[in-house]
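In: just to be clear, the model below is a prediction. Sequence and coordinates:
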There are 2 protein chains.
Amino acid sequence: MMAPEEVRSDRAALERETANSDQPAPTTPAGAGAGRHIPPASLARLTIYLRALSAMLADGIERVSSEELAEAAGVNSPKLRKDLSYLGSYGTRGVGYDVPYLSGQISAALGLTLNWRVAIVGAGNLGRALAGYPGFGSRGFEVVALFDADPMVIGQEVGWLRISPVDSLEAVLAKTGANMAVLSVPAEVAQDLCDRLVESGITSILSFAPVVLQAPEHVQIRKVDMATELQILAYHAQRSQVSQIAARARLAR
Amino acid sequence: MMAPEEVRSDRAALERETANSDQPAPTTPAGAGAGRHIPPASLARLTIYLRALSAMLADGIERVSSEELAEAAGVNSPKLRKDLSYLGSYGTRGVGYDVPYLSGQISAALGLTLNWRVAIVGAGNLGRALAGYPGFGSRGFEVVALFDADPMVIGQEVGWLRISPVDSLEAVLAKTGANMAVLSVPAEVAQDLCDRLVESGITSILSFAPVVLQAPEHVQIRKVDMATELQILAYHAQRSQVSQIAARARLAR
DNA sequence: AGTTGTGAATGCCTTCACAGCG
DNA sequence: CGCTGTGAAGGCATTCACAACT
């Protein structure tokens, strides 16, 4: 959704700028269907709006126009209004949006008012980074367990948590009432742990392992792949490099 | 790109399964235009195919059909063939694809044959995790610098690298010839460091900071946002939860 | 007067079926 | 005969302009 090329008269590219981040998204839970559906692309942006609103809330700002909020989120205002319209009509025409109210409505729509209990599987640098991630503790996500297989790190304390042995995965998941999991383990063991998580009733998994995970349809899996991200950057960088060389060649002629 | 809902007769959802990961993608470098454009969605998947091919290469497998490769990548075969067709015709009809050859062609198309030198800014747990990430060292990405602001960690060794002070960012970037950067710093300082990177001539940035970064159009920024990912999972989980309750209510009636 | 909410149009991505080759 | 490559059709997402409301 962005390949502006010299051939193409893609003016819209200007507005997209730094705005990115969405995913084709995995399968929607089998029989889902309460309330309105939010298109996946909009869903991803709603989380950005929410963050911008939270910052405004902290600054004591009470009202925003779609124009201002869009600017803060790095999108254009019609897109923002369209996105918000999937939730309902929470603005006031001629005025704008009430920051605390809109913030609350988006949170509710995203399900952030529920009690999400996250288990992190894999306590390497990545797992520890996640356990200490401030964006988790806030906004409804509570890290309730942290696992590792290495006897040397089991028992260590990370923040308020003590690292549990993966051997006791099932028991600790049940005891802590975890309803989401993050996989930050080596690729080789990711599928096995994924299976165990699913077996334990976890239906929402965020994986950082660079492998394609197989899971039943009712399980939501999202993947963050850092190698993929760098490769995409490399592709674009290479293209502009090549085109620069081509431009120089044209000049030289 | 996937909102399968109970209302919708979306059978295709079954095939998408765990297949996710793409981004709307930022702006393409101003005057780009060498060779064919790869649609962003395809681009993201190509990196997955490449990984699958690498695994096959390691296993000594020499030929794959689109069906097999698609299965390994978690997509359906027509989609895979369409994606590959953006690069050219590298298969043999009636036979399949030559693994080493296709692998090389994809690598070349993605620009992975070039020498990418990555600077990691922020040596917290996340930065260290990235510095040690096996997926980087391989496949054309070399981590050449690691920065931090904390005097306590400056000078520490992480793998083969010594942590440099951010104060010397510009100098070290120049000395190491870095041409890509990863931002793994707190949100508050991300924009400032982004500016400094851009000022130093870096045009490809991968950011983990949960903020919208502003940068000139010619700079490619991709963002990985872990909070967003969890929130998207929460949304889906909430929906299936709600629909389950609704189902139970219908049963009770 | 000012700003939101949305229908209609456009364009991109995906899907499918089959034509094209080996 | 088998499998790849692709044109055509359908479905989302985005854009735009303006109607609706305060």
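Out: Alright, I've got the coordinates.
In: all the strands of the stretch 151-253 of chain A, residue numbers only.
Out: Ranges of strands in the stretch 151-253 of chain A, per DSSP state E, counting those that start in this stretch, are A:157-158, A:161-165, A:180-183, A:204-207, A:220-223.
In: hmm, who's touching the fourth one?
Out: Going back to what we said before, that points to strand A:204-207. A:179-183, A:190, A:194, A:197-198, A:213, A:215, A:219-224, B:226, B:229-230, B:233-234, B:236-237 (CB atoms under 8 Å, 6 or more residues apart in numbering or on different chains). C-beta here means a position set from N, CA and C on the backbone, and glycine is covered the same way.
In: 7 Å - rerun?
Out: By CB atoms under 7 Å, 6 or more residues apart in numbering or on different chains, the surrounding residues in contact with strand A:204-207 are A:180-183, A:190, A:194, A:197, A:213, A:219-224, B:229-230, B:233, B:237.
In: give me the low-pLDDT residue ranges for chain A?
Out: A:1-35, A:137-138, A:243, A:248, A:250, A:253 (pLDDT under 70).
In: ok, is the longest strand seen in chain A in contact with chain B or not?
Out: For chain A, the strand that runs over the most residues, judged by DSSP state E, is strand A:141-148. Yes. Against chain B, strand A:141-148 shows contacts by CB under 7 Å from any CB of the partner chain at A:Phe141.
In: buried sites along the helix ranked longest in chain A?
Out: When chain A is parsed with DSSP state H, its longest helix is helix A:226-252. Within helix A:226-252, the residues scored as buried using 16 or more other CB atoms under 10 Å in any protein chain shown are A:226-243.
In: report all helices and strands that that helix contacts.
Out: If you count contacts as 3 or more CB pairs under 7 Å, 6 or more residues apart in numbering or on different chains; DSSP states H and E, helix A:226-252 packs onto helix B:40-58, helix B:99-110, helix B:134-137, strand B:204-207, strand B:220-223.
In: buried ones in the first one?
Out: Taking 16+ other CB under 10 Å as the basis for neighbour counts, the residues of helix B:40-58 that come out buried are B:40-54, B:56.
In: and what of stretch A:106-124?
Out: A:106-107, A:109-112, A:116-124.
In: just the endpoints, please. Distance across it?
Out: Stretch A:106-124 stretches 33 Å from its first residue to its last (CA to CA, to the nearest Å).
In: now stretch A:179-194
Out: Note: stretch A:179-194 ends 14 Å apart using CA to CA.
In: then stretch A:179-198?
Out: 11 Å.
In: excluding sequence neighbours, find me the nearest residue to the closest residue to DNA strand C within the stretch 151-253 of chain A.
Out: Nearest to DNA strand C in the stretch 151-253 of chain A, going by CB to the nearest atom of the strand, is A:Ile232, at a distance of 12.7 Å. With sequence-adjacent residues excluded and distances taken as CB to CB, 6 or more residues apart in numbering or on different chains, A:Ile232 is closest to B:Leu43, at 5.9 Å.
In: and of the helices and strands packed on helix A:226-252, who's closest to B:Gly159?
Out: helix B:134-137 (8.8 Å; CB to CB).
In: so which elements touch the closest one?
Out: Using 3+ CB pairs under 7 Å, 6+ apart, helix B:134-137 is in contact with helix A:226-252.
In: run the chain-centre distance for the helix it packs on.
Out: On the basis of CA atoms, centre = their mean, to the nearest Å, helix A:226-252 sits 28 Å off its chain's mean C-alpha point.
In: quick one: contacts for the residue nearest to A:Arg128 when sequence neighbours are not counted?
Out: Nearest residue to A:Arg128 in three dimensions, chain neighbours excluded: B:Asn125, at 4.6 Å (CB to CB, 6+ apart). Contact analysis of B:Asn125 by CB under 7 Å, 6+ apart lists A:125, A:128-129, A:132.
In: neighbour-wise, which of the residues you listed leads?
Out: Among those, A:Arg128 has the most neighbours (other CB atoms under 10 Å in any protein chain shown), with 26 neighbours.
In: pretty sure that residue contacts A:Gly159?
Out: No. In this structure, A:Arg128 is not within contact of A:Gly159 by CB atoms under 7 Å, at 8.7 Å.
In: isn't A:Val211 up against A:Ala190?
Out: Yes. Between A:Val211 and A:Ala190 there is a contact at 5.3 Å, judged by CB under 7 Å.
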